[in-house]
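Student: 3D, please:
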Amino acid sequence: MARYRGFWRICYGWCLLCCILPTVEAATKKVNLPSLSQQVENGSASLANDALTISTAIEGEYIPAATKNVPVRGILGGAEFGLNTIKAGTKGIIKGGVAGIVVGAALDQLLKGLGWAMEDGTFVKKGDANTPTPTTGTTATNGGNYYVWEGDHGSVLSSAEAGCFALLRETGVVQAWGDRAILTMDVIRETSAECHADNNRGDFLIGVTSRRFGSGCPPNSDYSQTRGACYGSAYIPLTDKDFIDMDTWINNQDSDFVKGILKQQCAGSLAPDRCYEGLRQRQLDMRGPSSVDAGSTTTKSTHANSDGTTSTTTTTTNNKYDITYGPSSFTYNKSSTSTTSTDGKPGDTTTTTEQPSDEADPDDSDDDTDDKTTPSPCSGAGCDGPKYEKLYEPTKDTKEKALDSYASRVKALPIVASVAGFFTVNASAGCPSWSTNVSFAVFASMFSYDLVFDFYCQPWFVSMAQYAKIVFSIVCAYLAFRQAILD
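Tutor: This is a model prediction of the structure:
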């Protein structure tokens, strides 16, 4: 039993070790987006795939760091509005006909482009009356002052068609054919109109020309060149066909115009942000740089080689943050790339000309040989005794140099050098995502759809993973402590 208990202690110990070791993980930072009304007001607009996209520059964002925050510049936030939703909202404004509504530049452009107007709080269109406005007067030779057309027996009529057909009916040929004669207008010019008559078999019978006299139309009427008559300038209600024409007209406008009619729909609202939220199709993922530079560090270390020389190892570490974006936040993780060179050569160890520190300099040799002569006994009168030899000669070496030299030789041993950097680990990881295409049949039709599994990259999953890691670490630490200490 004790044997199995030892096995489980090892397992729980490794589990505890894995829980407390540093891990490469991603962090999420929430972005302070401008309000939706500010995005629409200040953002740039673009049209694509029946949608209006508003892109807004986001300033002042950064990645928090221990020593110095790393700025993230060039982030763009985006809100998407469906073009059909915008057109439906514009149609609602026009059908609603709110009296006193503030007509913006875009809506004014729409009304002028379609020939519409607002009368007494209702949107209407300007159209011709069904019948020509009756005109009175005589021919130009008799001082007529309205547009009139020459008719039969010198009469004047209100329209080109009435005058020209009257001249045809006055001819003997048309009178002979009677109701079997077919009258047709050919052309209406500025001051003349031509028409002709065919028989019931389609044979040409006769053609005539009617002349126009006068210089204007009666009050509240305008002259129509295409129909050659004065018609009343009446406003008539809009029809469903008019709104279909409006949709077609909007489709041919640029993004700035569509943005203008979008702003028109929320103009004067007490809660513009809520108004735009009701029209928004979706909040797009932000766009920005995929990575930012986090600086670099350089470290140098000197070690002794096995032959007694020393080498300098330079390690340069370049740091950066990889960034992925969501609608209102971005996720970042730090990655480092280290480059090591020895004596200026990547991966190579070279021998230098520098002398080892525990060797004496040849120039420091003592040239005084007097102290090195062999002593001889004193002889003769006044001899004070034999000459004594020096028992100790000081050198330039110190105990610190001796210890450093010994430590350098130990570090240069193969068994020590082989484990150098064994516990140095550089690891980084991206956000996992994958997709697959699924095809399926419904009745006789085939459909294909791309399923994208990227929930590991979503901000909500990253935030939940932080709490899951904490809970997992606590459980592992408790089990390891109980098994190793309490049992």
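Student: residue contacts, the spatially most central residue of the chain?
Tutor: The chain has residue 287 as the residue nearest its centroid, 3.7 Å off, counting by Cα atoms, centre = their mean. When contacts are counted by Cβ atoms under 8 Å, 6 or more residues apart in numbering, residue 287 touches 55, 75, 76, 78, 325. (Each C-beta comes from the backbone N, C-alpha and C, glycine too.)
Student: So which of these is surrounded by the most neighbours?
Tutor: Using other Cβ atoms under 10 Å as the neighbour criterion, residue 325 leads the contacts of residue 287 with 22 neighbours.
Student: correct me, but it touches residue 288?
Tutor: Yes. When contacts are counted by Cβ atoms under 8 Å, residue 325 is listed as touching residue 288 (6.0 Å).
Student: For the residue nearest to the centre of the chain, give me the pLDDT.
Tutor: For residue 287, the pLDDT comes out at 92.
Student: Residue 105 now?
Tutor: Here, the pLDDT recorded for residue 105 equals 84.
Student: Let me see the contact set for the residue lying closest to it once chain neighbours are set aside.
Tutor: Excluding the flanking residues, the one nearest residue 105 by Cβ to Cβ, 6 or more residues apart in numbering is residue 260, at 6.1 Å. Residue 260 is in contact with 104, 105, 106, 107, 109, counting by Cβ under 8 Å, 6+ apart.
Student: Same check on residue 47?
Tutor: 53, 83, 254, 255, 258.
Student: The host helix or strand of the first one pairs with which strands, and in what direction?
Tutor: Counting by DSSP states H and E, the element that carries residue 53 is strand 51-58. For strand 51-58, sheet partners with direction are given as strand 44-48 (antiparallel), strand 75-82 (antiparallel), following DSSP bridges.
Student: what is the mean pLDDT for the longest one?
Tutor: Read it as strand 75-82. What strand 75-82 shows for mean pLDDT is 92.
Student: Determine the next helix or strand in the C-terminal direction from the helix or strand encompassing residue 332.
Tutor: Element membership for residue 332, per DSSP H and E: strand 329-342. Scanning forward in sequence from strand 329-342 by DSSP H and E, the next helix or strand is strand 345-346.
Student: In the helix or strand following that next one, which residues are buried?
Tutor: Once the chain leaves strand 345-346, the next helix or strand it forms, by DSSP H and E, is helix 399-411. Buried residues in helix 399-411, counted by 16 or more other Cβ atoms under 10 Å: 405, 408, 409.
Student: got it, and stretch 196-216?
Tutor: Buried residues in stretch 196-216, counted by 16+ other Cβ under 10 Å: 196, 197, 198, 205, 206, 208, 210, 211, 212, 213, 214.
Student: Let me have those in JSON lines, extended by secondary structure.
Tutor: Converted to JSON lines, those look like this (DSSP: H, G, I helix; E, B strand; the rest coil):
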{"residue": "196", "secondary structure": "strand"}
{"residue": "197", "secondary structure": "strand"}
{"residue": "198", "secondary structure": "strand"}
{"residue": "205", "secondary structure": "strand"}
{"residue": "206", "secondary structure": "strand"}
{"residue": "208", "secondary structure": "strand"}
{"residue": "210", "secondary structure": "strand"}
{"residue": "211", "secondary structure": "strand"}
{"residue": "212", "secondary structure": "strand"}
{"residue": "213", "secondary structure": "strand"}
{"residue": "214", "secondary structure": "coil"}
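Student: Partner strands of the longest strand anywhere in the chain, with direction?
Tutor: In the chain, taking DSSP state E as the definition, the longest strand is strand 310-325. Strand 310-325 has the following strand partners under DSSP bridges: strand 291-304 (antiparallel), strand 329-342 (antiparallel).
Student: which of those strands sits most buried?
Tutor: Counting by mean count of other Cβ atoms under 10 Å, strand 329-342 has the highest mean neighbour count of these, with a mean of 16.
Student: Next, show the common contact partners of residue 325 and residue 288.
Tutor: Taking Cβ under 8 Å, 6+ apart as the criterion, residue 325 and residue 288 both touch residue 75.
Student: Number of residues surrounding residue 157?
Tutor: Neighbour number of residue 157 under other Cβ under 10 Å is 22.
Student: how close does it get to residue 211?
Tutor: Between residue 157 and residue 211 the computed distance is 11 Å (Cβ to Cβ, to the nearest Å).
Student: so what sits against both of these two?
Tutor: By the contact definition Cβ under 8 Å, 6+ apart, residue 157 and residue 211 are jointly contacted by 149, 150.
Student: Quick check: can you name the pairing partners of the following helix or strand past the strand holding residue 53 and their directions?
Tutor: The C-terminal neighbour of strand 51-58 among helices and strands, as given by DSSP H and E, is strand 62-63. With DSSP bridges as the test, strand 62-63 is paired with strand 70-71 (antiparallel).
Student: How about residues contacting the strand it pairs with?
Tutor: Outside strand 70-71, the residues within contact range by Cβ under 8 Å, 6+ apart are 61, 62, 63, 292, 293, 294, 321.
Student: quick one, helices of the stretch 151-300 of the chain?
Tutor: 160-170, 172-177, 240-251, 255-266, 272-279 (DSSP state H, counting those that start in this stretch).
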